[in-house]
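>>> my questions are about this predicted structure, shown below with the sequence.
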Amino acid sequence: MRPPSVDSLARSLSDIDLPPPLLVDAARTAISNGQPDSARDEAVRLQRALLGPAINATGVLLHTNLGRAPLAYSQPAKATNLEFDLETGTRGSRNHHAANLICRLTGAQAAVIVNNCSAAVTLVLAALARDRAVAVSRGELVEIGGGFRVPDVMAESGARLVEVGTTNRTRLDDYRTAHQVHQAALLMKVHPSNYRISGFTEETSVKSLASLGVPVVVDLGSGLIDAACSWLQEGRPSWLGEEPAVKQTLESGADLVTFSCDKLFGGPQAGVIAGRSDLVEACANHPLMRAFRPGALVLNALQQTALAYLRRDGDSIPFWRMAQTPVTELLSRADAMSIGRTVHTMAMTGGGSLPGEQIPSAGVEIDGDISRRLRDANTPVIARVHDQTTVIDLRTVDPGDDSLVVAAVASSI
């Protein structure tokens, strides 16, 4: 039998929400495989390979593979004053809008926004320490997700790594010696946000490092903006443990702090360099800044998040609203779903933040592994599997998505 034409087969798929060229690709693939009837499956596969919504039911609040901090954001299709000074009518700076708000939140003299925290660290090292020594404790030479390592980032920046101390103990004299022997341009502390060393340990405080008279750079990574958590009605939650914050780190004597915006800050993917104005200016004027700068969408989303902090409106920041939901509310939602056993669970922050810290939570437990079928739902539901049961942790599910979870489970069992 003669196979159908590519054009006619593609037209038969017009009910699938894809542009005609992609439907043609699906039809052509199916025909070339000798299976014209598989064209619809090919089109659906193409559609599901696009970036789209998913329901995070894993209990990991900052799930890197699911976009970390959830963020509701929209912007009208209008021009903005991105690089236009409304006061003078001349060219302005795209950096000032959100950066000024970050300074207000943290007490930093100045700040600059880049596209992620790795870019922030790279820019600091390239602008302030190219071809010069930077002292870092051996216990802080971390590897973050995707295999990126602090020594590699340092090498790419042109700075020269000087390892000080040991894996578990680094003293002030170790940094002092490194500076005296190697004339270190910077003393750098890297917050080990994705692991923890316990037992016979010692580290040098930021305040002590500041006494050596060498610029101190602290990569906090996770982005807790202020230890007081004044944007939350109940104040600082216990699950934050001893997580350091940007404001207090600067107050302790750090000259620069770098951090991510899509983790505990709860904003879009971006990185911030905040601190001493002369050092920030050197970073902002470096040639790499143009390659690392974010666009208007990110800056506007970051500005909206910063304004929510200044309003002390934690409930308007999805991450903090999700993290603070009472367990009793989660249990009530689980009961109302009637799709499995209501269970207490333990959630976690994720995103390389707060290793070992857990947040009491609740959800639904279903016998068997139905995770693949849940992923096949119209809006994919990403759950976790434990001891041959599927667990849907409601701490990371928006209440507005409960009906979609119920429908996904109903079609899976």
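Received the coordinates, thanks. Numbers count the residues shown, from 1 in each chain.

>>> show me the contacts for residue 86.
If you count contacts by C-beta atoms under 8 Å, 6 or more residues apart in numbering, residue 86 has them with residue 92. From N, CA and C alone the C-beta is placed, and that goes for glycine too.

>>> and if you look at residue 286?
Shown here is residue 286, whose contacts under the criterion C-beta under 8 Å, 6+ apart are 123, 126, 127.

>>> select from those the one having the most neighbours.
Ranked by neighbour count (other C-beta atoms under 10 Å), those have residue 123 at the top, with 25 neighbours.

>>> next up, phi/psi of residue 216, please.
Comment: the main-chain dihedrals of residue 216 come out as phi -110, psi 120, following degrees, to the nearest 10.

>>> circling back: closest to residue 94 out of the contacts of residue 286?
Of all those, residue 94 sits closest to residue 123, with 15.4 Å by C-beta to C-beta.

>>> three-state assignment of residue 273?
Secondary structure for residue 273, judged by DSSP: H, G, I helix; E, B strand; the rest coil, is strand.

>>> that one touches residue 126, doesn't it?
No: under the criterion of C-beta atoms under 8 Å, residue 273 lies out of contact with residue 126, with a separation of 11.7 Å.

>>> what ranges do the strands span in the stretch 1-150 of the chain?
Assignment of strands within the stretch 1-150 of the chain using DSSP state E, counting those that start in this stretch yields the ranges 55-56, 84-85, 90-91, 110-114, 133-137.

>>> make TSV out of those and add mean pLDDT.
TSV is the format used below for those (pLDDT from 0 to 100):
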stretch	mean pLDDT
strand 55-56	98
strand 84-85	94
strand 90-91	95
strand 110-114	98
strand 133-137	94
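
>>> could you list the domains of the protein?
Domain segmentation of the chain under automatic domain parsing yields 55-70+325-410, 84-313.

>>> winner for burial among the strands of the stretch 1-150 of the chain?
Of all the strands of the stretch 1-150 of the chain, strand 110-114 has the most neighbours on average by mean count of other C-beta atoms under 10 Å, namely a mean of 26.

>>> that strand - contacts with which helices or strands?
Judged by 3 or more C-beta pairs under 8 Å, 6 or more residues apart in numbering; DSSP states H and E, the packing partners of strand 110-114 are helix 96-106, strand 271-275, helix 277-284, helix 288-292, helix 296-310.

>>> and those, which is most packed in?
Note that of these, strand 271-275 is the most buried (mean count of other C-beta under 10 Å), with a mean of 29.

>>> which strands or helices does that strand pack on?
Where contact means 3+ C-beta pairs under 8 Å, 6+ apart, strand 271-275 is packed against helix 96-106, strand 110-114, helix 117-129, helix 246-251, strand 256-260, helix 277-284.

>>> check the gap between residue 205 and residue 49 for me.
Remark: distance between residue 205 and residue 49 (C-beta to C-beta, to the nearest Å) = 48 Å.

>>> those two: which is more packed in?
Legend: neighbour count by other C-beta under 10 Å for residue 205 and residue 49, higher for residue 205 (12 against 8).

>>> quick check: that one touching residue 252?
Yes: the criterion here is C-beta under 8 Å, and residue 205 meets it with residue 252 at 7.0 Å.

>>> helices and strands around the helix or strand containing residue 207, which ones?
When secondary structure is defined by DSSP states H and E, residue 207 falls within helix 206-210. Packed against helix 206-210, as judged by 3+ C-beta pairs under 8 Å, 6+ apart, are the following elements: helix 172-182, strand 186-190, strand 216-221.

>>> residues in contact with it?
By C-beta under 8 Å, 6+ apart, helix 206-210 touches 172, 175, 187, 189, 216, 218, 249, 252, 253, 254, 255.

>>> what's the closest of the residues you listed to residue 90?
Relative to residue 90, the closest of these is residue 255; by C-beta to C-beta it sits at 31.4 Å.

>>> before we move on, the earlier item: which one of the strands of the stretch 1-150 of the chain lies nearest to residue 395?
Evaluated over these, closeness to residue 395 peaks at strand 55-56, with 9.5 Å, by C-beta to C-beta.

>>> where does the stretch 51-200 of the chain have low pLDDT?
Counting by pLDDT under 70, the stretch 51-200 of the chain has low-confidence residues at 144-148, 193-200.

>>> coming back round to it: what would the helices and strands packed on helix 206-210 look like in a markdown table with mean neighbour count and distance to residue 132?
Shown next, in a markdown table, are those (neighbours: other C-beta atoms under 10 Å; distance: least, C-beta to C-beta, whole Å):
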| stretch | mean neighbour count | distance to residue 132 |
| --- | --- | --- |
| helix 172-182 | 17 | 9 |
| strand 186-190 | 25 | 8 |
| strand 216-221 | 26 | 13 |
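
>>> tell me which of those lies nearest to residue 25.
Using C-beta to C-beta as the measure, strand 216-221 is the one of the helices and strands packed on helix 206-210 that comes nearest residue 25, at 40.7 Å.

>>> quick check, central residue of this protein?
residue 262 (3.4 Å; C-alpha atoms, centre = their mean).

>>> OK, contacts around it?
Taking C-beta under 8 Å, 6+ apart as the definition of contact, the neighbours of residue 262 are 62, 67, 68, 69, 71, 223, 268, 269, 270, 351.

>>> residue 404 contacts residue 55, correct?
Yes: Residue 404 lies in contact with residue 55 (C-beta under 8 Å); the separation is 6.3 Å.

>>> residues shared between the contacts of these two?
The contact sets of residue 404 and residue 55 overlap at 379, 381 (C-beta under 8 Å, 6+ apart).

>>> what's next to stretch 166-185, contact-wise?
Applying C-beta under 8 Å, 6+ apart, the external contacts of stretch 166-185 come out as 128-129, 132-135, 137-140, 159-160, 162, 164-165, 187, 197, 199-204, 208-209, 211-212, 214-215.

>>> number of residues surrounding residue 363?
Quick note: residue 363 (other C-beta under 10 Å) scores 29 neighbours.

>>> buried residues, the helix or strand harbouring it. List them.
When secondary structure is defined using DSSP H and E, the element that contains residue 363 is strand 359-367. Residues of strand 359-367 classed as buried under the neighbour-count rule (16 or more other C-beta atoms under 10 Å) are 359, 361, 362, 363, 364, 365, 366.

>>> okay, and the beta partners of the fifth one?
Meaning residue 364. Per DSSP bridges, residues listed as beta-bridge partners of residue 364: residue 342, residue 392.
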